[in-house]
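Peer 1: Show me the folded form of this:
(one chain, ligands or ions: 1)
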Amino acid sequence: MNPPETHPIVIVGAGAAGLLAGIFAGRSGTPALLLETRPQPGAKIRVSGGGRCNVLPSIAELADFHTAGSPRSMRNMLFSWPLREVREFFERDLRIPLKVEDSGKVFPVSDRSKDIVDALLRACHESGSRIRAPFRVSSVRADERAGTGFLIAGNDGTRLRAERLILATGGLSLPKTGSDGAGLRFAKAMGHTIVPLHPALVPLLTQDAAWHELAGVSVDVEITAERDGRAAGRHPGSLLVTHRGFSGPAILDASYRLTGGAEPPTELRVHWGDVPDWDKELRAGGPATVGSTLRRHLPRRLVTRLCDVAGVSTEQRLSELPRDDRRRLVEALAHYRLPVSGNEGYGIAEVTAGGIAIAEIHPATMESRKVPGLFLCGEIVDVTGRLGGFNFLWAWVSGRRAGEAAARTR
Ligand SMILES: Cc1cc2nc3c(=O)[nH]c(=O)nc-3n(C[C@H](O)[C@H](O)[C@H](O)COP(=O)(O)OP(=O)(O)OC[C@H]3O[C@@H](n4cnc5c(N)ncnc54)[C@H](O)[C@@H]3O)c2cc1C
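Peer 2: You can find the predicted model right below:
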């Protein structure tokens, strides 16, 4: 049998993280070979942001991300490339004009995700890195006989050898874009710990049928994610009641807090409407009824539902509302525990939370602490951002760092 074709760096996955790794490996003097399942690389970038690609946030803090690992390691990984410089990379280097919308999200001025993909592919090509697609990697293992490097098999029988390997295969979300968790299996087989996975940025389900009847109701809320009774994050935005549960930006954003595994469970508490202090509002109501006062701020069907939850009649005059009734109503209006029974799953989720434990990765290089020569980046790693361009920011930053470091490692 002929020896397998050998490459200094092979990158599995030409999505957001893989393309950045390819560009920066090439620019650092060691062009890479990227292997991609899908005929067209960057499938998830193409569909992102409703086809507009929310490429970055305008501001990013550590609190916008979640990991089961050490926040300090995550900080070292995340802020190795300051947000201002990432933006300059897109605007000056790739020559894609960007705009910041009122929501704080950054999009290409053209509103076309294709422009981002095209520019990344061009930069990757100019760096000397090459993409082989479609090429599905079916197995990866350390080359134990040689004592260094990796053996890679494609599902068409092709065999390759890599001196250094970058896994950038993404998670499990939206499998039609090529992500089926293969890279996570490869990493696990090579000794890595996988923090339990779960869908995130995903609509939530409820078994409480009374909510299903409110399908179509949309309202501004602030959701507080509480763990052990303490606020772990606040998520303002709109909430949409669906036939199966809850969706809308505030829900998608809060959903990544519903962590799995050994972490304490998280509850989502909802403050309905834009009234800052519901207790004050009810006390000021005078002779008006509960229903008429609430309907000034909330949709009629929601008012009926929340009064049912609190066990208070909509016809009750506020001036005659017993103290206990007011307390229960304020609880329902300002601190309602959302009855979540699950989520819509990976088919719909924007990201996969969990992944390769960051304690097993060198923050300065994204190289595995378990397998020298193996680099890990993007969604495959246990770092999840909230809604608003944070997940791409993680993919760009970690991909660049892995590519540069792999190119410089001998
Ligand atoms: C509908 C949707 C909209 C989104 N919108 C946004 C947004 O606007 N802003 C934002 O920040 N984030 C958004 N995200 C999340 C964002 O797309 C991901 O976080 C990001 O793409 C992760 O980058 P990645 O390179 O790690 O993984 P991916 O982009 O998923 O890339 C992984 C690549 O690896 C390839 N691959 C997998 N297994 C193999 C294998 N065995 N062999 C060869 N290739 C393989 C896949 O085909 C894929 O191309 C969205 C996600 C979805 C699903």
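Peer 1: ok, His271 - how many residues close by?
Peer 2: Residues lying near His271 (other CB atoms under 10 Å) number 19. Using the backbone N, CA and C atoms, a C-beta is placed for each residue, glycine as well.
Peer 1: Secondary structure of it: a strand, I assume?
Peer 2: Yes: counting by DSSP: H, G, I helix; E, B strand; the rest coil, His271 is located in a strand.
Peer 1: Could you find the closest non-adjacent residue to it?
Peer 2: Leaving out its chain neighbours, the residue that sits closest to His271 by CB to CB, 6 or more residues apart in numbering is Glu222, at 4.5 Å.
Peer 1: same question, Val303
Peer 2: Leu294 (4.3 Å).
Peer 1: What's the per-residue pLDDT of that neighbour here?
Peer 2: Listed pLDDT for Leu294 reads 97.
Peer 1: Tell me which other helices or strands the strand or helix carrying it touches.
Peer 2: Using DSSP states H and E, Leu294 sits in helix 290-295. Here helix 290-295 is seen to pack against helix 278-283, helix 300-310 when contacts are counted using 3 or more CB pairs under 8 Å, 6 or more residues apart in numbering; DSSP states H and E.
Peer 1: Settle this for me: the residue nearest to His271 is touching Ile251, isn't it.
Peer 2: No: using CB atoms under 8 Å, Glu222 is not in contact with Ile251, being 11.9 Å away.
Peer 1: Which one's more surrounded, these two?
Peer 2: Neighbours were counted for Glu222 and for Ile251 using other CB under 10 Å; Ile251 has more, 29 against 19.
Peer 1: Mind checking what secondary structure that one has?
Peer 2: Under three-state DSSP, Ile251 comes out as helix.
Peer 1: correct me, but it touches Ala225?
Peer 2: No: counting by CB under 8 Å, Ile251 stays clear of Ala225, with 11.2 Å between them.
Peer 1: who's in contact with the longest strand seen in the chain?
Peer 2: If you go by DSSP state E, the chain has its longest strand at strand 230-241. In this structure, residues lying in contact with strand 230-241 by CB atoms under 8 Å, 6 or more residues apart in numbering are 63, 211, 214-226, 246-251, 253-254, 257, 266, 270, 386.
Peer 1: Buried subset of these, written for PyMOL?
Peer 2: Buried residues within the contacts of strand 230-241, by 16 or more other CB atoms under 10 Å, are selected in PyMOL with:
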select buried, resi 211+214+217+219+220+221+222+223+224+225+226+246+247+248+249+250+251+253+254+257+266+270+386
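Peer 1: and the residue of the stretch 51-200 of the chain found nearest the ligand, how many residues sit next to it?
Peer 2: Ranked by CB to the nearest ligand atom, the top residue of the stretch 51-200 of the chain for proximity to the ligand is Gly178, at 2.0 Å. Using other CB under 10 Å, Gly178 has 24 other residues around it.
Peer 1: close enough to count as contact, it and Pro39?
Peer 2: No: counting by CB under 8 Å, Gly178 stays clear of Pro39, with 9.7 Å between them.
Peer 1: Could you give the number of residues near the closest residue to Gly128 other than its chain neighbours?
Peer 2: Counting by CB to CB, 6+ apart, Pro31 is the residue found nearest to Gly128 once chain neighbours are left out, at 3.4 Å. Neighbourhood size, Pro31 [other CB under 10 Å]: 21.
Peer 1: Kindly report the same for the one 3 residues further on.
Peer 2: Using other CB under 10 Å, the number of residues around Leu34 comes to 27.
Peer 1: So which residues of the protein form helices?
Peer 2: Ranges of helices in the chain, per DSSP state H, are 16-27, 43-51, 71-78, 83-88, 113-126, 182-189, 209-212, 249-255, 278-283, 290-295, 300-310, 323-334, 390-408.
Peer 1: where does the protein dip in pLDDT?
Peer 2: 1, 259-264 (pLDDT under 70).
Peer 1: Residues of it that sit close to the ligand?
Peer 2: Taking CB under 6 Å from any ligand atom as the contact definition, the chain meets the ligand at 12-18, 35-38, 43-44, 47-49, 53-54, 136-137, 168-170, 173-174, 177-179, 182-183, 350-351, 378-379, 389-392, 395.
Peer 1: which of those residues count as buried?
Peer 2: 12-18, 35-38, 43-44, 48-49, 53-54, 136-137, 168-170, 173-174, 177-179, 182-183, 350-351, 378-379, 389-392, 395.
Peer 1: picking that back up, quick one: contacts for the residue of the stretch 51-200 of the chain closest to the ligand?
Peer 2: 13, 15, 36-38, 43-44, 170.
Peer 1: For the stretch 251-400 of the chain, which residue gets nearest to the ligand?
Peer 2: Gly378 (2.3 Å).
Peer 1: so how far is Ala353 from the residue lying closest to that residue once chain neighbours are set aside?
Peer 2: In this structure, Gly378 finds its nearest non-sequential neighbour in Ala17, 2.8 Å apart by CB to CB, 6+ apart. Counting by CB to CB, to the nearest Å, the separation of Ala17 from Ala353 is 16 Å.
Peer 1: Then Gly385?
Peer 2: On the measure of CB to CB, Gly385 and Ala353 end up 10 Å apart.
Peer 1: quick one, which of these two is more surrounded?
Peer 2: Between Gly385 and Ala353, Ala353 has the larger neighbour count (other CB under 10 Å), namely 30 against 25.
Peer 1: Okay, strands next: where are they in the stretch 101-250 of the chain?
Peer 2: 105-108, 130-132, 137-142, 150-154, 159-167, 194-200, 204-205, 218-227, 230-241, 245-247 (DSSP state E, counting those that start in this stretch).
Peer 1: in its sheet, what does the third one sit against?
Peer 2: Yep, that's strand 137-142 we're talking about. strand 150-154 (antiparallel) (DSSP bridges).
Peer 1: Please apply the same query to the first one.
Peer 2: The sheet places strand 105-108 alongside strand 56-57 (antiparallel), strand 98-100 (antiparallel), with pairing taken from DSSP bridges.
Peer 1: what's next to the shortest one, contact-wise?
Peer 2: Read that as strand 56-57. Contacts for strand 56-57 (CB under 8 Å, 6+ apart): 64, 83, 86-87, 90, 98, 104-106, 388-390, 392-393, 396.
Peer 1: how about 10 Å then?
Peer 2: 64, 83, 86-87, 89-90, 98, 100, 103-107, 385-393, 396 (CB atoms under 10 Å, 6 or more residues apart in numbering).
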